[in-house]
Each structure stands twice: as structure tokens, then as C-alpha cells.
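Asker: build me a model:
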Amino acid sequence: MPPKAKSDTKSSTSATNSSETPVQFVKGVGPRLGAIFKSRGIETVRDLLFFFPRAYEDRTRFAAIRDLQEGVQATTAVRVIGVNKIPLRASGRSILEVRCTDETGILSLKWFHAPRGIENRFKAGTQIIVTGTVKIFRGKPEIAHPEITWGLSTSTDTTTPDESASSMPHVGRIVPVYTEIEGVPSRLLRKILWEALQKFLTTLEEDLPTSLREAHGLPSLQSAIRAIHFPEEGGDKPETIAALVAFNSPSHWRLIYEEFFKFEYLVLRQRLRMEKEHARVWGKNGGAAATLDLTQKLPFALTKGQNTCVREILEDLEKPHPMNRLIQGDVGSGKTAVVFLCAAAVIAEGGQATLMAPTEILAEQHYINAGKLFDGKLNVALLTGKSTTAERNALFDRLARGEPLLLIGTHALIEDPVVFKNLSFVIIDEQHRFGVEQRRILRQKGFRVDPETGLKQFPHSLSLSATPIPRTLALTVYGDLTVSSIREMPPGRSPVITKVVREKKDRTDVYEHIRAQLQTGRQAYFIFPLIHESEAEGFTQLKAAAVEAERIGREIFPEYKIGLLHGQQKNEEKAAIMARFKKNELQILVSTTVVEVGVDVPNATIIAIEHAERFGLSQLHQLRGRVGRGQHQSFCYLFAATRTTEATASRLEVLEETHDGFRIAEADLEIRGPGAFLGTRQAGSLPFFMADVVRDKEWLFKSRDDAVKMLKEDPSLERPEHAPLKRYFDTDGGKQFAWLKTS
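Answerer: Residues are numbered from 1 along each chain as shown. Now for the predicted structure:
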């Protein structure tokens, strides 16, 4: 989640009653607890009110002692009948036991580490309410370290609390359970939230227009906040707690919808603003014809998806505002061929284009493929960390002169010495591997002021992703991009036969099959999650590539030459190993996931992935894409632990059943959630504390439709009912969106 702006409120005793009041001024907090809250990011009353429960307990009914059951959490109203200290001879300490009763039996309360002086509060005859998990000891019920509510009278009806109990935050209701904050006991935290709601809830301002709330039957912000913390109605219905825990109550829907709506509005507004920026028009003066000419010279026919993408990109290039498009397609679906064809339209009319790839292996692969596909008819250059000083200087001179070309490279493209005279088309491959700032710097290299019109001009931008993006993520992470998809594979490619391998005897059979493939001249990859065993950090059962490369060569395939590839090697060493593998001088390549993208060896027909259960489905699908690139049938073996959970087993079986990257991506997102799917850094750009793009996707779609409608009907939010929303977007919303831009 992006950093929260610091509060402007002054920590003085004259703090006003507003949601921005420092949290220390909430009753029961003070400076010491205030510092603890602040360390958890809870600085203001608003932060506190938006610190929501993780679970709930039903304390609406009191259980009789005779009905208490082993292992079940219960609340019961009892009367103290005696206090006893049970000495522990070994430690010299004692257990505090408080014996209680109701009309139905005896209950023991025990503290193994009793707070100092607490035994003095348990006077005989004192009425208390007890909550805790029941244990049956020697046939009698007891509760260790219970939560006690003091000073409440109770009626003789032990199934229903009296009025005095129901007015408290701890009993007589559905009680919230919060994520623990060290130094703030759960009971105290609940009481602090109760006090904050009583005094400050009415200071929360409503941003959503009434019309939107009424259209979806959603409660007000204040009602939703109160009901999530301390539900009032329906507490005697078991499904109520289930709905609350599942974020499936009207109050939760209210906050989920608001988060999505604000986010989608900002993302769509950004897209509209980009459409108002200026860019040079390309394709109308021979560029489109050049693309068509190169298309006809290709050694294969484009698929329907490729043709559609080429058409959509050329249409964008012909518009006077910058393109901001994402092409998503499976491994091997032909995205780069589309990119080359469209870059040709810009180059043919005198413009410059650049393609930034995340690794040198991938950049070099693109450079080689461009030469092969178009037989030198597309002017292409390469810039990587391996480029010599002489090569760099010559290339910099060509760029400065404005030579029309497509420059392919790595991060080296964003360095200061790289200066384009006429950069008009920016392409970023595997764009999720680059940070927002890196993408911005590259795009900025194409910024210029048109000398004729004086208008600021930006380059057209195109991003590529070999990991298909589920629709819900496309509307959030890539919401300001127009998305194109290539869903089919080029003809002639056979699906990779995939098998999950768990048993040792099955592994032996797999090795024999791999040997048979190698004997026919084919090659194989073995993929491991670690480079060295020292990386395991407690996971000593994980196999490491460096160790396994030696073992495979010594014990399993001694008759074949084996290479080792990983990210800690120098670029020259990696390039040399890949060159030997491509020439079939190495028959087996043992590697980490560094081969996930960009490695193209058509003769390799086997990939075996160790500890497959530790990888996401989309990453496994990417790795599987390293084979099946030639004319021979290919195989993928997923070596998994013998004992795996049912969920893990069914997850891996998805890869056995389908090669559709879009279906796999959806399954991956459903199973692991957006955080694991995107990776920690990128997932941090999703500013949702309550909404979930998988669980709440229907609300995402509704909110997007509403945002589109509002931008059409009142784009500047000038209507009176939209004033609070405008104020939000001009302040907090604007700060938030600075972290969300994808380009």
C-alpha cells in the first residue's frame, strides 16, 4: 500500500473533534499507547476507525455452565464463590484459581501468570461475565486466562444478557476481534474503538454522492463503519457472523464499492488526460504501407489476434494523442512480431523507436529475431551492458543524427548518454519487471516541444506482457492502459505434454524418458528455485541448482554435458553458457528461473521443474514456454513434494489440463490472490485495505461502470452533489494516484 500522507494536525490538548485528531486524544489512549499505535501506522482517529476487525465472536447469548463444551469458546454469567492459589513446587510459582457458579454447575477460572493483585477483585458473591475457550479437566469445565467483564448484574435467565450488559462493547453483542497490537490488550483495544466511535464517528465526512449509494442500496459511511465494528442487528443469526467475516455484509459492500469507485475514477481520468496530450501522427504517409509490405514478406501468416493487434496499434499511431496500450498474450503467441511490424510504420516515416527488455538474453533474442524475420529490411540496433565503448559511441551518434531505427536494449536505454533526436514509439517488454520511474524516464526521452505549433509532444507507448492479465487486474493495475490480447498460438505448435510427478518410482521413469529424448539429439532444462543451499534459510529440504547440476551430471546423466545458469553469474558467462546450449554443445541446462523469459532453443523438448509447488501457476506456465518452440513434441515435468495439500495438488493439475495462459492466470489469481500473482512490489500499488479484486470483482465492475458514467456526465465534478468527491480527488486522491500511474 502506498505511504500515507502525514497528518497536519497538531498534537496539543486543544485538538478539535475531527477525524484528523491525533489518536492519542481518544479516551483511553494517551501518549504511550499513541506511540504504539503510530508505530503501526495508526496516527489519527480516522486511521483508528478504519482499523477493522479480522473476526467476530457471538456474545449475544450466555451459556449455562452445564452446557459448556470442550474446545468451544463461550460466554457465561457467573458468581464468584472462592479464590485459591495452587503452588507449583518446581518453579516456586502458583496458579490462581477462581471458582464460580450459576444455577447449573461449577466453573474454574485459571491464570498461570496472573496479573498482580487481580485475586483481590474476586470477592465472594461478585457477579462477573466470563469469556474464553472451555477445557474439561477431570470431568469439570475450566477456562484458562478468560476475559472478564466486571460489575454487571445478570438476570436469572442465563441465555439472554440484561440491559446493562448489552450497553457495553464486550458482552451482549457480536464482539469484534482485532489483529493484535503488541502492548495493547485485545479488550483495551476494543474499548478504545468503542470510545472513538462514540465521540468521533459523526466527524467522518461522506464522499460518495447519495445517488450512487441509493442506486446500489448501500448505507452511509458512518453507519457502515459503526456496523462493521459493533454490529447491532441480527446478532442472534449464525449467518451474520459468517457474512461479516467474509466481508459480505451491506456495510462491507459500502466500503468495498467506495474504494473501487475512487480508484477506477482516478485511473479512467488519467486515461482521459493522456488522450488530451499531444503526439505526432504516424502511418498516414507511407508508414502503414511499409507495415503491410513487411507483413507480406514474413515466412508465416499472422494469426487473427496478431492482425487485430497490428490494426489497433496502427489506428492509435494515427491519432494526435499518445497511445498507451498493453498487449498481453501467451508465451510464443507472436507479440514481438506485432511490435516489429508497427515500429516499421514509424521508422518508414523518419521516426525512432525503442524496445526495452528486462534481460540481456531477451534483448539479444529480440535483436536476432528481428533480423531473421525481415532479412535486414527493418533497421534495428542493439544496446546492452555488453556493448563496447566504440559501439556505444557510434550508436549514440546515429541516434543524435535522427537516423530512423528501432533500438533494442536493456536498462542501458534509460542512461543519460542515450539521447534520441526523434523518439516517437516506446515499447516495454515484460513491463511488470520495470518500476514506474524506469518506464517514465524512457518515455520522457521522447518528450519534445513541436517547433511549429509550440505544443508539448509525447511518444506513443506500448507495453507487452507474456503473463495474461485477468480482467479484474487489468481494470486495476493496468486500468489506465488500453488492453489488446492475442489468445491463439501460431499454427504448427503442439501443446506441451505436462505431468505432475510426486512419487520416487515415477521420477525414475521420467529420467528414463528424458534419456530417450537426449539419445535422439534433443535437449533438456532442469529448473531449481535456489542457486546455493545457503539460500534455503530454514527450508533445508529445497534443492539448489549448483549442487544438483553436479549430482545430475555424476549420478543420473553422466554421459551428457551439463551447463549451469543462474542470476549471480556475470553477463559474459551467462551468454557463453546460452551460446553453447543453443549449439547443442550442452545437452542439459540446469538453471534457476533466469530462463523464464527470452530463451529460445527450438531443439530443447524437455523441462523438469523441481519443487513445482513453490511456484505460481503463471510462472510455471512461463517456464513451460521454454519448450515446444520447435517441430518436435515437448514435455514438462513438475516435480512436487510427495505430501502436498489437496489445494496444492489441484493447483498443479490445472497445468496438466490446459495450455490456455488466460485460464491459468485466472486460476492463479483465484488461488494465490493479487499479492502473490503480481509480486510484492507491484501488488503494493493496489491501495485497497478492504476490497479484493478476486472476491469482490462484481463490485469492481459496477464501480467502473459508474465511474465511466460520471466522467461522461460531469467530468469536472461541478455538480453540487459531487463537491465532496471533488474535494477528495483534489487532496488525498491526487496524492494516492501519484503511486498508481503505469507510465
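Asker: who does the longest helix belonging to the chain touch, helix- and strand-wise?
Answerer: Among the elements of the chain assigned as helix by DSSP state H, the one spanning the most residues is helix 250-276. For helix 250-276, the contact count by 3 or more CB pairs under 8 Å, 6 or more residues apart in numbering; DSSP states H and E identifies helix 210-215, helix 221-229, helix 697-713, helix 723-730, helix 732-737 as packing neighbours. (C-beta placed from N, C-alpha, C; glycine too.)
Asker: tell me where the stretch 601-743 of the chain has strands.
Answerer: Along the stretch 601-743 of the chain, the segments classed as strands by DSSP state E, counting those that start in this stretch run 604-609, 635-639.
Asker: also the stretch 101-250 of the chain?
Answerer: Secondary structure of the stretch 101-250 of the chain (DSSP E, counting those that start in this stretch): strands at 105-111, 127-137, 140-144, 147-150, 174-177.
Asker: most packed of those?
Answerer: By mean neighbour count, with neighbours taken as mean count of other CB atoms under 10 Å, strand 174-177 ranks first of those at a mean of 21.
Asker: contacts for that strand, please.
Answerer: With contact meaning CB atoms under 8 Å, 6 or more residues apart in numbering, strand 174-177 is reached by 53-60, 169, 186, 190, 193, 229-231, 235, 240-241, 244.
Asker: show me what contacts residue 227?
Answerer: By CB under 8 Å, 6+ apart, the contact list for residue 227 reads 219, 249-251.
Asker: show me which of those residues are buried.
Answerer: 219, 249, 251 (16 or more other CB atoms under 10 Å).
Asker: rewinding a little: what's the closest of the contacts of residue 227 to residue 580?
Answerer: When the contacts of residue 227 are ranked by distance to residue 580 (CB to CB), residue 249 comes first, at 61.1 Å.
Asker: ok, now which ones touch that closest one?
Answerer: When contacts are counted by CB under 8 Å, 6+ apart, residue 249 touches 227-228, 231, 240, 243.
Asker: shaky segments in the stretch 551-700 of the chain?
Answerer: Screening the stretch 551-700 of the chain residue by residue with the criterion pLDDT under 70, one finds the ranges 596-598, 644, 647, 675-687.
Asker: can you give me the helices in it?
Answerer: With helices called from DSSP state H, counting those that start in this stretch, the stretch 551-700 of the chain shows them at 571-582, 617-624, 646-657, 661-678, 680-683, 697-713.
Asker: among these, which is the most enclosed?
Answerer: Among the helices of the stretch 551-700 of the chain, helix 617-624 has the highest mean neighbour count (mean count of other CB under 10 Å), at a mean of 24.
Asker: from the chain's centre, how far out does that helix sit?
Answerer: How far helix 617-624 lies from its chain's middle: 17 Å, per CA atoms, centre = their mean, to the nearest Å.
Asker: for stretch 664-675, same thing?
Answerer: Stretch 664-675 has its average C-alpha position 9 Å from the chain's average C-alpha position, going by CA atoms, centre = their mean.
Asker: and what of stretch 617-630?
Answerer: In this view, stretch 617-630 has its centroid 22 Å away from the chain centroid, taken as CA atoms, centre = their mean.
Asker: just to revisit the earlier point, save the helices and strands packed on helix 250-276 as JSON lines, and put in distance to residue 510 too.
Answerer: As requested, the helices and strands packed on helix 250-276 are arranged in JSON lines below (distance: least, CB to CB, whole Å):
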{"stretch": "helix 210-215", "distance to residue 510": "57"}
{"stretch": "helix 221-229", "distance to residue 510": "52"}
{"stretch": "helix 697-713", "distance to residue 510": "39"}
{"stretch": "helix 723-730", "distance to residue 510": "57"}
{"stretch": "helix 732-737", "distance to residue 510": "50"}
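Asker: of all the ones you listed, which one is nearest residue 611?
Answerer: Taking CB to CB, helix 697-713 is the member of the helices and strands packed on helix 250-276 nearest to residue 611, at 31.0 Å.
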